[in-house]
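1. got a predicted structure plus its sequence, pasted below:
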Amino acid sequence: MENFNTKEIIAIVLKNKKAIILVTLLAAIASTVVSYMLKPKYKSYAVVFPVNLSPSSEESNTEQLLQYFNRRK
């Protein structure tokens, strides 16, 4: 097995840097275009309840659970 020479690898990468950058940019553009063309399969919603409501709120865990179940779908 040959020794791993990083100087040669760096020289090859620097020699072909334009091609590497071009391929990377084309892949990024293509993936962005394809992601906007795809139809979304799922929608997600999030309900966020602050944890530090103890001193100023008298909402019980049951009331919070009811809010969770009555959230908009």
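-> Ah, there it is.
2. okay, now stretch 29-48: how far is its last residue from its first?
-> 34 Å (CA to CA, to the nearest Å).
3. now do it, average pLDDT.
-> For stretch 29-48, the mean pLDDT works out to 87.
4. so which strand or helix has residue 7?
-> For residue 7, the enclosing helix or strand under DSSP states H and E is helix 6-15.
5. and if you look at residue 42?
-> Assigned by DSSP H and E, residue 42 falls outside every helix and strand.
6. same thing with residue 68?
-> helix 61-69.
7. distance between that helix and the chain's centre?
-> Remark: helix 61-69 is offset 30 Å from the chain centroid, using CA atoms, centre = their mean, to the nearest Å.
8. quick one: contacts of the top helix by length along the chain?
-> As assigned by DSSP state H, the longest helix anywhere in the chain is helix 17-37. With CB atoms under 8 Å, 6 or more residues apart in numbering as the test, helix 17-37 has contacts from residue 13. Bear in mind the C-beta positions are built from the backbone N, C-alpha and C, glycine included.
9. residues in contact with the helix holding residue 7: which ones?
-> residue 20.
10. residue 9 and residue 15: what is the separation?
-> Residue 9 sits at a distance of 11 Å from residue 15 (criterion: CB to CB, to the nearest Å).
11. the inter-axis angle of the longest helix of the chain versus helix 6-15?
-> Orientation of helix 17-37 against helix 6-15 (axes from the mean of the first three to the mean of the last three CA atoms, to 10 degrees) gives an angle of 60 degrees.
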